[in-house]
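Asker: A structural model of the following input is requested.
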Amino acid sequence: MKNMKKIYISLAIMTAALLGQACSEKFENPAPFEPVTLTPNITIKDLKARYVSGTPYEINDSLVIGGKVNSTDEFGNFYRSFYIQDATGGIEVKIGKTTLYNEYKEGQTIYVKARHLFLGAYGGMVQLGEKSAEARYETSYIETDLRIKETIFRGATGAKVVPTLIKSSSDIHNGLLGTLVTLQDVTLVDQNMATWARKATPELEAGYGEQKFKLEGGTIVVVRTSGYAKFANQPAPALNSKADITGVLTKFNSTWQLALNSLEGVVVK
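Answerer: Numbers count the residues shown, from 1 in each chain. This next block holds a predicted model:
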């Protein structure tokens, strides 16, 4: 009996030790983030210039771009992509993941090894991603963890991007596409609904909101908001209100558009 008791005690000690080891391994803290530093060998502007309208372009050179993140999907108005910009311009990087803001933070420097990625466009906006299997799209998402790890590199975090001021029609141009801008002292002249967008209900699908702001000089910029944005049902400014609006400048064919990161980008006067 004494021998059996010793055996039971030994087994209990071994089991406890194994459980303790398993728990320590399971709940071990992740390795601390170590920012990467790469040297870009092409600007975002020059990379985008390689795209020829209507033809997806495969990048076969060992090109590296770098830029700061100027968008966030934290508030639901961006989906499975983020924008980066350098001193020459901005571009959308299509990654097939959500909650990107946890890894790619506003103001953080991101490097992209672009070899074997594709440049394409949607509505005239050049994007960077994988080759699309659907003819209606020129690019698709960088989805697998392996592809993401070998192409997208997280650099140092830093201050958020300072937006470019757009005060009048003469200030807005294609070189600003994909960059963070502030439409200064613009007037809301038209809207398709009184809220920023429409969230889904049992009766209705989510719907995009379109608030049309006019710059001095007459150019219209549409602030287009997803029905999945956390602030979709928040009231938009009243018609004829003046405001400063900050977001990422985009374009759909000939229509200037702006995508808000959050309602912090809206200052009604």
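Asker: can you map out the strands along the stretch 51-200 of the chain?
Answerer: For the stretch 51-200 of the chain, applying DSSP state E, counting those that start in this stretch gives strands covering 57-58, 64-69, 81-85, 90-94, 109-113, 118-122, 125-131, 139-140, 152-154, 164-166, 180-191.
Asker: List the strands paired with the last one, with their directions.
Answerer: Which is strand 180-191. strand 164-166 (parallel), strand 209-214 (antiparallel), strand 242-252 (antiparallel) (DSSP bridges).
Asker: Tell me the buried residues in the first one?
Answerer: If you call a residue buried by 16 or more other C-beta atoms under 10 Å, then strand 164-166 has these buried ones: 164, 166. The way it works is simple: take the backbone N, C-alpha and C, and place the C-beta from them, glycine included.
Asker: Nearest to K94, out of the strands paired with strand 180-191?
Answerer: strand 242-252 (13.7 Å; C-beta to C-beta).
Asker: what sits against N70?
Answerer: 83-85, 90, 106, 160-161, 179-180, 248 (C-beta atoms under 8 Å, 6 or more residues apart in numbering).
Asker: mind running it again at 6 Å?
Answerer: 83, 85, 161, 180 (C-beta atoms under 6 Å, 6 or more residues apart in numbering).
Asker: Narrow those to those that are buried.
Answerer: Burial by neighbour count, judged by 16+ other C-beta under 10 Å, picks out 83, 85, 161, 180 from these.
Asker: So which of the residues you listed is the closest to I142?
Answerer: Nearest member of these to I142, counting by C-beta to C-beta, is Y83, at 14.5 Å.
Asker: Mind listing the residues bridging to that closest one?
Answerer: Bridge pairing for Y83 - DSSP bridges - gives E92.
Asker: my guess is it contacts L177, does it?
Answerer: No. The criterion here is C-beta atoms under 6 Å, and Y83 misses it with L177 at 9.7 Å.
Asker: Dump the strands of the stretch 51-200 of the chain to a markdown table, plus distance to E34.
Answerer: Listed next are the strands of the stretch 51-200 of the chain as a markdown table, based on distance: least, C-beta to C-beta, whole Å:
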| stretch | distance to E34 |
| --- | --- |
| strand 57-58 | 31 |
| strand 64-69 | 17 |
| strand 81-85 | 20 |
| strand 90-94 | 21 |
| strand 109-113 | 14 |
| strand 118-122 | 29 |
| strand 125-131 | 25 |
| strand 139-140 | 30 |
| strand 152-154 | 9 |
| strand 164-166 | 32 |
| strand 180-191 | 27 |
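Asker: ok, back up a step: out of the strands paired with strand 180-191, nearest to V64?
Answerer: strand 242-252 (22.5 Å).
Asker: Could you tell me the angle between the closest one and strand 90-94?
Answerer: 60 degrees (axes from the mean of the first three to the mean of the last three C-alpha atoms, to 10 degrees).
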